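Chemist: Fold the following.
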Amino acid sequence: MSFFSEICRRNVIRVTVVYAASFWLLFQIVDLVVKNTNAPEWVMPVFVYALLIGLPVVLIASWFLEPVSYTHLTLP
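Modeler: As a prediction, this is how the structure comes out:
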């Protein structure tokens, strides 16, 4: 198996796209709140750094937590 097919099988690309979309949405919300509440200037960079640090954690988790197929489960 190639590396790209393994990434696709483990849904790493899908998780990355969802994380990027969530990052953008949260960035817009926090930017609006920071501007309207006169929050300190350090709030926005800390928020961005926290999300950027979280990206590798999410990617590693999506790699190791393989998708589970629930089609073979039997109920008691």
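Chemist: Helices of this protein, start to end?
Modeler: Ranges of helices in the chain, per DSSP state H, are 3-9, 12-37, 43-64.
Chemist: Let me have these in CSV, extended by mean pLDDT.
Modeler: Shown next, in CSV, are the helices of the chain (pLDDT from 0 to 100):
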stretch, mean pLDDT
helix 3-9, 85
helix 12-37, 93
helix 43-64, 92
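Chemist: could these go into CSV alongside mean neighbour count?
Modeler: (Glycine included, C-beta is placed from N, CA and C.) Below are those laid out as CSV (neighbours: other C-beta atoms under 10 Å):
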stretch, mean neighbour count
helix 3-9, 11
helix 12-37, 12
helix 43-64, 12
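Chemist: Would you confirm that V58 contacts V18?
Modeler: No - look at V58 against V18 with C-beta atoms under 8 Å: they stay out of range, at 9.1 Å.
Chemist: Skip the chain neighbours and tell me the closest residue to the residue positioned nearest the centre of the chain.
Modeler: Centroid-nearest residue in the chain: Y19, 2.9 Å away (criterion: C-alpha atoms, centre = their mean). Leaving aside its sequence neighbours, Y19 sits nearest to V58 (C-beta to C-beta, 6 or more residues apart in numbering; 5.4 Å).
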